[in-house]
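# prediction below, plus the sequence it came from.
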Amino acid sequence: MNTEPQVSLESARARAMEIREMYETLEKRMNGQVWTLHELMLGFSNDVGTVGRLILAHDGTWDIEGDVDAQLKHKLSESLWWVIVLAERLGIDITEAYTGTMDRIEQGLAPAVGRGSE
């Protein structure tokens, strides 16, 4: 049985934006303005690169100090945070976009894997 709390995309979005608001407070204090969309994307792409190196470390082909699994959990979760923040900045309802995308992918895959419309 899974004892981890279940998180909906909507509750994840709300929490992500609370955290983003805290970052924005620091950005305004340190830089006089919040990060631009391009700066947010650079932060995200940097973390995606880190995920790639962590996966190499997980597979034993890249040497990284520390607990690789813990670092992967952190960076994958942080990457989800970035996606939510970017979607919000772009005015995309991530819950609607995710649901619609998964539905379209499922409809495309179902015939290939022999599943009818379920």
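Yes, it's here.
# in which helix or strand does the residue nearest the centre of the chain reside?
Taking C-alpha atoms, centre = their mean, the centroid of the chain lies closest to residue 80, which sits 1.3 Å from it. Secondary-structure element containing residue 80, defined by DSSP states H and E: helix 68-90.
# contacts for that helix?
With contact meaning C-beta atoms under 8 Å, 6 or more residues apart in numbering, helix 68-90 is reached by 12-13, 16-17, 19-20, 37, 40-41, 43-44, 47-48, 50-51, 54-55, 57-58, 64, 93-94, 97. For every residue, glycine as well, the C-beta is placed using N, CA and C.
# stretch 13-31 too?
33-35, 80-81, 84-85, 88, 94-95.
# now do stretch 51-63
64, 68-69, 71-72, 75-76, 79.
# can I get these in a markdown table with distance to residue 104 and neighbour count?
Shown next, in a markdown table, are those (distance: C-beta to C-beta, whole Å; neighbours: other C-beta atoms under 10 Å):
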| residue | distance to residue 104 | neighbour count |
| --- | --- | --- |
| 64 | 36 | 13 |
| 68 | 34 | 19 |
| 69 | 33 | 11 |
| 71 | 33 | 18 |
| 72 | 29 | 16 |
| 75 | 28 | 19 |
| 76 | 24 | 14 |
| 79 | 22 | 15 |
